[in-house]
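A.B. asks: Would you be able to build a 3D model of this:
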Amino acid sequence: MTPAATQTAAADPNAPLPRQIPYIIGNEACERFSFYGMRNILVPFLISSMLLAYLPDQASREGAAKDLFHSFVIGVYFFPLLGGWLSDRYFGKYNTVLWFSLIYCAGHACLAMFESNATGFYTGLFLIALGSGGIKPLVVTFCGDQFDQSNKHKAKIVFDAFYWIINFGSFFASLLMPLVLRSWGPAWAFGIPGILMFIATVIFWAGRRKYVNVPPSHGTDPDSFLKVVRTALLGNGYGVGTLIAGGSVFIAVAMLALWALKFAGVALWPEAWGFVITACLALGVVIAGVGFGASAQLERARGQHPDLAIDGVRAVLRVLIVFALVTPFWSLFDQKASTWVIQGKAMMIPHELWWWPSWLVKDATQMQALNPLMVMLLIPFNNIVLYPMLTRMGFRVTALKRMGWGIAIAALSWVIAGMLQLRLDDGAQVSLAWQTLPYLLLTFGEVLVSATALEFAYSQAPMAMKGVIMAFWYLTSTFGGLWVLLTNATVRDPGVIAWITAQGWTENAFLMFFFAGFAFVAAIAFAAYARRYKVMDYYRTA
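C.D. replies: The predicted structure follows:
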């Protein structure tokens, strides 16, 4: 069935939502509470914990905590590649989600039990990154698998509800877990999210007899994404694309080798670029080189694979460019749990204001609850008020336009955060209430980018490639974290710090305006590419 044919399949306007959807939504709500409950207290816990007590001052501990946090985030969004591959090739979505959820639960247990033991605590972070990342590309696509052409018009409602419920769980976790950490200590603050993850696993298991399970390929699909790419690069002799792909692999191996040589006393690789940075750079080079090389000679695979597979691979490769241009957004968004938390700790909590909820908000870390709260308000506002109003005014609000504007609005939020930082650096007392404005703008940008991309990414790949494309979507956050680690490592160079200081800036203020500019450039590039992008429709037939 071609994409054009699927567009003409009959749809039933009265089709009900699939009855299994509540199990998936309930699972997601509890899982997101567990994830954000531990994630949003990770930086303040690390700064004050015994794990970083060996560092000499507060600034060093803050820098190390940020690096550990973003390394963890990189892992969370790298492991979707593993989860997507295991699901598509061997176990299917349901089994893979269930088994990775058990690993996820074990990670939470480690955090609760080993708060002062570096080996145990970091093992817990690794297991959570593995478990959370492993299921991340599958739950959304598993939700999409429950729809067909007869009820796909209901999918947008469910994807929005899916994203809303994520933020429902995140809101309560962000609001309550900092208080638990302050009052009851890290064992309870990390233990409660673990209990919620166990409940999430039980809810998902309870719906097992109702799900639509699209079977995995078991590696027998002769027209899978990787097999088509391999045919394009290696079939019918070598070409320019083959040389590009091979060269990218060679460069990636060379990067890793240069990093490893430092252990033999050969300093040919930047000292500040550790394994995480090096591995991510190598992965990016391979993805870019193989993708560009395959795209350049994809027609070589036509005849050896059906047209639908060729067109599907081309669609995935085109989407990867969209994804690459979104990565700067994630470098801004994920820092709300690190850079913005540290900024908030330096602000004054305005308990004297009549409207400030002093009975509830007692810690700057709780400001992160504004993000999910605003998401829950903005999604219905956008769908009920904003988008219909823009349509009536003659503006066609496409998914790609929403994503491009989202990146630009996120950049604006960092300009405002930078202005607040300048006031702090001048010695002024700044009310924590002012952080509400950048949080509002960042959240509006998030709704336009991330909520939209869930549906967009699912719709842009054939059924056999949906796990792959969703894994690549989540990988955008890995590269967002990479830009943060790279920038921080570069800025900490003594020569760079001296230059920043000579301009009259502090490191924090410089970084905020740098990331704002980075995102503005990405928004312009995204808009230029979106004008030429042809949107596809790959929902399954009934």
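
A.B. asks: can you give me the helices in the stretch 101-250 of the chain?
C.D. replies: 118-145, 155-184, 186-206, 225-234, 240-261 (DSSP state H, counting those that start in this stretch).

A.B. asks: Repeat that for the stretch 351-500 of the chain.
C.D. replies: Under DSSP H, counting those that start in this stretch, the stretch 351-500 of the chain gives helices at 370-381, 387-392, 399-425, 436-446, 452-459, 466-491, 494-502.

A.B. asks: helices or strands next to the last one in the packing?
C.D. replies: This points to helix 494-502. When contacts are defined as 3 or more CB pairs under 8 Å, 6 or more residues apart in numbering; DSSP states H and E, helix 494-502 packs onto helix 466-491, helix 507-530. All C-beta spots, glycine's among them, are computed from the backbone N, C-alpha and C.

A.B. asks: Using CSV, lay out the helices of the stretch 101-250 of the chain together with mean pLDDT and mean neighbour count.
C.D. replies: What follows is these, written out as CSV (pLDDT from 0 to 100; neighbours: other CB atoms under 10 Å):
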stretch, mean pLDDT, mean neighbour count
helix 118-145, 91, 22
helix 155-184, 86, 20
helix 186-206, 96, 20
helix 225-234, 91, 21
helix 240-261, 96, 16
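
A.B. asks: I'd like to know which of these is closest to I497.
C.D. replies: Among the helices of the stretch 101-250 of the chain, helix 240-261 comes nearest to I497, with 23.7 Å by CB to CB.

A.B. asks: elements contacting the closest one?
C.D. replies: For helix 240-261, the elements it packs on are helix 225-234, helix 275-296, judged by 3+ CB pairs under 8 Å, 6+ apart.

A.B. asks: Could I get the buried residue list for stretch 479-494?
C.D. replies: Buried residues in stretch 479-494, counted by 16 or more other CB atoms under 10 Å: F479, G480, G481, L482, W483, V484, L485, L486, T487, N488, A489, V491.

A.B. asks: Which secondary structure element of the protein has the lowest mean pLDDT?
C.D. replies: Lowest on mean pLDDT, DSSP states H and E among the helices and strands of the chain sits helix 3-7, with a mean of 41.

A.B. asks: Show me what the next helix or strand after it is packed up against.
C.D. replies: Downstream of helix 3-7, the first helix or strand assigned by DSSP states H and E is helix 21-39. In terms of contacts (3+ CB pairs under 8 Å, 6+ apart), helix 21-39 is packed against helix 92-113, helix 118-145, helix 155-184, helix 186-206.

A.B. asks: Those helices into a markdown table, with extra columns for distance to I524?
C.D. replies: Listed next are those as a markdown table, based on distance: least, CB to CB, whole Å:
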| stretch | distance to I524 |
| --- | --- |
| helix 92-113 | 37 |
| helix 118-145 | 29 |
| helix 155-184 | 26 |
| helix 186-206 | 39 |
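
A.B. asks: just so I know, which of those lies nearest P350?
C.D. replies: Smallest distance to P350 across those (CB to CB): 17.1 Å, for helix 155-184.

A.B. asks: other SSEs contacting that closest one?
C.D. replies: Judged by 3+ CB pairs under 8 Å, 6+ apart, the packing partners of helix 155-184 are helix 21-39, helix 42-48, helix 118-145, helix 186-206, helix 370-381, helix 452-459.

A.B. asks: Tell me the one among the buried residues of stretch 479-494 nearest to C280.
C.D. replies: Minimum distance to C280 across the buried residues of stretch 479-494 is 4.3 Å, recorded for L482 (CB to CB).

A.B. asks: contacting residues for the closest one?
C.D. replies: Contacts for L482 were tallied using CB atoms under 8 Å, 6 or more residues apart in numbering; they are I74, I277, C280, L281, G284.

A.B. asks: If we use 7 Å, what do you get?
C.D. replies: Taking CB atoms under 7 Å, 6 or more residues apart in numbering, we find L482 in contact with I74, I277, C280.

A.B. asks: quick one: contacts for the nearest residue to A417 once chain neighbours are set aside?
C.D. replies: By the measure of CB to CB, 6 or more residues apart in numbering, the closest residue to A417 outside its immediate chain neighbours is P438, 4.4 Å from it. Listed by CB under 7 Å, 6+ apart, the contact partners of P438 are S413, I416, A417.

A.B. asks: now the helices and strands packed on helix 155-184 in CSV, with distance to A309?
C.D. replies: Output for the helices and strands packed on helix 155-184, formatted as CSV (distance: least, CB to CB, whole Å):
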stretch, distance to A309
helix 21-39, 29
helix 42-48, 42
helix 118-145, 18
helix 186-206, 31
helix 370-381, 35
helix 452-459, 18
